[in-house]
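Enquirer: Just to be clear, the model below is a prediction. Sequence and coordinates:
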Amino acid sequence: DELAATHGVRVETLGLDLAAPHAAREIAEWLDARDLVPDVLVNNAGYGLFGRHVETSLADELQMIALNVVTLTDLTKRLLPGMVARGSGRILHVASTAAFQPGPYMAVYYASKAYVLSYAEAVAEELAGTGVTVTAVCPGPTASGFQDRAAMHDSALVKGKRLPTAAEVADHALRATFAGRRVAVPGWRNRLLVQSLRVMPRRVVTHLVASMSRPVEH
């Protein structure tokens with residue numbers, strides 16, 4: 001209502017559980033019924049789960065994979081052909097700095113984001129010259145409802161730290177998307193971290209992430 005009243009634009013909404021099977025198909029059919037081909041697709045739905053893998057919920061982690069990986073891929077595949085046929089479009093996948101290394105205490109979440117980053121970069125290369133771009137934004141910990149859903153307030157990654165706001169991350173992500181960048185990492189500390197990970201042995205990186213992530217004792 002606010003967007004329509006302030007800017008005179010057409011606004012339509014569709015409420016779905018994106019982790020549910022066939023969610024992407026329902027969205028594509030909903031768009032087709034309205035003869036709409038998106039200019040921009042933002043795949044930002046996702047969640048994490050904190051804890052030792054031997055103790056965390058299998059059902060929760062399988063649903064996480066469905067949302068973070070399967071629906072993201074399904075929706076992209078369904079909407080991409082229309083963008084390519086038109087010769088223009090922007091796709092933004094929300095990945096994470098988690099995408100660059102294994103993540104003890106959030107093993108499935110980190111793995112899901114590694115998929116998102118790899119998928120985004122590969123498809124972006126295939127689409128070169130088509131007028132359609134793909135961007136993976138890779139923020140670090142961000143002040144949002146993510147921590148509540150992941151039950152990670154006791155993780156050393158976030159406990160007692162000032163985190164960037166979701167609005168700050170979104171601004172960076174959209175700027176990168178419309179500039180056609182393939183990978184965007186908000187914040188100089190996060191960019192420094194990502195670069196340093198490239199030169200350290202994998203086992204050392206995994207041990208460091210575990211040290212940075214494990215629960216903080218009260």
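Expert: Noted; the coordinates are in hand. Residues are numbered from 1 along each chain as shown.
Enquirer: quick one: buried residues of the worst-scoring helix or strand of the chain on mean pLDDT?
Expert: For the chain, the helix or strand with the lowest mean confidence is helix 146-150, at a mean of 77 (criterion: mean pLDDT, DSSP states H and E). When neighbours are counted by 16 or more other C-beta atoms under 10 Å, the buried residues of helix 146-150 are found to be 146-147, 150. Quick note: C-beta positions are derived from backbone N, CA and C, even for glycine.
Enquirer: ok, now stretch 195-202?
Expert: Using 16+ other C-beta under 10 Å as the test for burial, stretch 195-202 gives L197.
Enquirer: same deal with stretch 125-142?
Expert: Judged by neighbour count (16+ other C-beta under 10 Å), stretch 125-142 contains these buried residues: 127, 132-142.
Enquirer: and those as a markdown table, adding secondary structure and distance to D39?
Expert: Written out in a markdown table, the entries for the buried residues of stretch 125-142 read as follows (DSSP: H, G, I helix; E, B strand; the rest coil; distance: C-beta to C-beta, whole Å):
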| residue | secondary structure | distance to D39 |
| --- | --- | --- |
| L127 | coil | 15 |
| V132 | strand | 10 |
| T133 | strand | 12 |
| V134 | strand | 14 |
| T135 | strand | 14 |
| A136 | strand | 19 |
| V137 | strand | 18 |
| C138 | coil | 23 |
| P139 | coil | 23 |
| G140 | coil | 29 |
| P141 | coil | 30 |
| T142 | coil | 25 |
